[in-house]
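> here are the coordinates; sequence isn't available:
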């Protein structure tokens, strides 16, 4: 029988879903499934996930942004939740799991409203109203403020929560380390802080507690020659290699005698010696090369007592320039005084069994700060690096808005309580949506209590009782493993991160609810087009 109607317009193999059960409920189920995966990783007691991506690289992590990025989600509705989480990661750098969990819970509450007969437009209207109210209530919560972002003891108290949510147990050691690294590279105008100026060098061996901070840049390989230590270094950075210039066109040289061959080689040597002599005459005693260094160039650099460091990554080369105040040269020759970089000391050190080159700066001149991270396995190093990255992003966020709200689910349960009061005084059908929107916020303290091994029902009852008695800072701190004062336990969340997560989760849930038809064209034949990716391991877009 010939197909008629909508499906007859599409090519054979196309898929089409319409209506509540086929489109809306199906989308909600996909988003709930994604939320179920990440929710067990929320909080300090969250579990790790073992994810093997399409390139067979293994990730063992509790970082939601890494999980959902490497899972390669294909369902169109779940992809929208993934995009919302990625937006949170790029804008704030923290609370990515909150976006996924909250969006999944909002859609679950919407599903129960749909099944009771409430129209989708009423649900969306109620959710939007409740979202505005939730952000208002967030501003009214007991707010802690950082007065001086350069005060280590003051800032590290607030960054502990960020570290403990990813690496519980290491927060006391890592927090001061990260804050010191951030303060070292903090410019006079604090809003110009660049997260890329805090670098992490991962070296296998020892434990995380053996990590240290270096004022300056650390290259994760040794020097090229025999000179391993230079004080008061003047550094020339060459973006190209140090080798004899090659002609742009092909040419043939006819050598008839051994004497001619000897003269030809001598000319090449003379040319290279002239280049190295001019570099040495400019006062340079350290050369950083972005390409190959020929044997001949190496010979003359050693003769003139010039240290040679090879940095093949163009990204790291830029960071070296930023750390020492140099300009990268694309010509082989003597640099000008403005192009030369300066640093206090360049030294080759051995950490574990790995040789590294440390470019140290004085206290005031450091443009880049490096955390030398130690760990027993590569997976531990990668996971701790992600926790450091989150903490540095939160530091950047607090420079723009230094306000923090109580963590450990205290803010969420207070918002849930107030929204349910708003729902009771709201006329019309949207009151049901507002009430369910408020109930969705219960998911955070519920998951925190479940992950800590507590009974979630009795924990929620205790929290509601505490908040009804005016104790608005009570949550479920991991240290206490019971309902307690989050502020006294030192658990805080960045206000701007929480605001962004609520906005993104609400918008994402409302957008998915608006979809009533799913139309998927027949996939094109042939192999999948490969995504262009940089071969450089330090490219920020490549994990």
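Alright, I've got the coordinates. Bear in mind the structure is a predicted one, so any value in this text is a computation, not a measurement. Residues are numbered from 1 along each chain as shown.

> can you tell me which residues contact the closest residue to residue 462 other than its chain neighbours?
Among residues not flanking residue 462 along the chain, residue 483 sits closest, at 4.4 Å (C-beta to C-beta, 6 or more residues apart in numbering). (Each C-beta comes from the backbone N, C-alpha and C, glycine too.) Residue 483 sits next to 459, 462, 463, 466, 474, 475, 476 when contact means C-beta atoms under 8 Å, 6 or more residues apart in numbering.

> Swap in 7 Å and give it another go.
Residues near residue 483 by C-beta atoms under 7 Å, 6 or more residues apart in numbering: 459, 462, 463, 466, 474, 476.

> now the strands for the stretch 401-543 of the chain?
403-406, 474-475, 484-485, 492-494, 517-520 (DSSP state E, counting those that start in this stretch).

> Packing partners of the fourth one?
Spelled out, it's strand 492-494. Packing partners of strand 492-494 (3 or more C-beta pairs under 7 Å, 6 or more residues apart in numbering; DSSP states H and E): helix 152-166, helix 378-400, strand 403-406.

> out of those, deepest packed?
The highest average neighbour count among these, using mean count of other C-beta atoms under 10 Å, belongs to strand 403-406 at a mean of 24.

> got any ranges where this structure has weak pLDDT?
For the chain, the stretches flagged by pLDDT under 70 are 1-22, 244-249, 260, 263-265, 267, 363-366, 518, 520-543.

> sorry, back to before: of the contacts of residue 483 - the most surrounded one?
residue 476 (34 neighbours; other C-beta atoms under 10 Å).

> How about that one: what's its closest non-neighbour residue?
In space, residue 476 is closest to residue 448, 4.6 Å off (C-beta to C-beta, 6+ apart).

> one step back: do you know which of the strands of the stretch 401-543 of the chain lies nearest residue 368?
Between residue 368 and these, the shortest separation by C-beta to C-beta is 24.5 Å, and it involves strand 492-494.

> Contacts for that closest one next, please.
Contacting residues not belonging to strand 492-494 are listed as 94, 144, 158, 161, 394, 397, 398, 404, 405, 406, 407, 411 [C-beta under 7 Å, 6+ apart].

> May I have the strands that pair with it, each with its orientation?
strand 403-406 (antiparallel) (DSSP bridges).

> which residues are contacting the partner strand?
138, 141-145, 158, 411, 473, 475, 486-487, 492-495, 498.

> possible to save the helices and strands packed on strand 492-494 as CSV with distance to residue 29?
Formatted as CSV, the helices and strands packed on strand 492-494 follow (distance: least, C-beta to C-beta, whole Å):
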stretch, distance to residue 29
helix 152-166, 28
helix 378-400, 30
strand 403-406, 32
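
> Tell me which of the ones you listed sits nearest to residue 230.
So among those, helix 378-400 is nearest, using C-beta to C-beta, at 29.3 Å.

> helices or strands next to that closest one in the packing?
strand 58-61, helix 152-166, helix 171-184, strand 198-204, strand 369-375, strand 492-494, helix 495-513.

> tell me the most buried of these?
strand 492-494 (a mean of 26).
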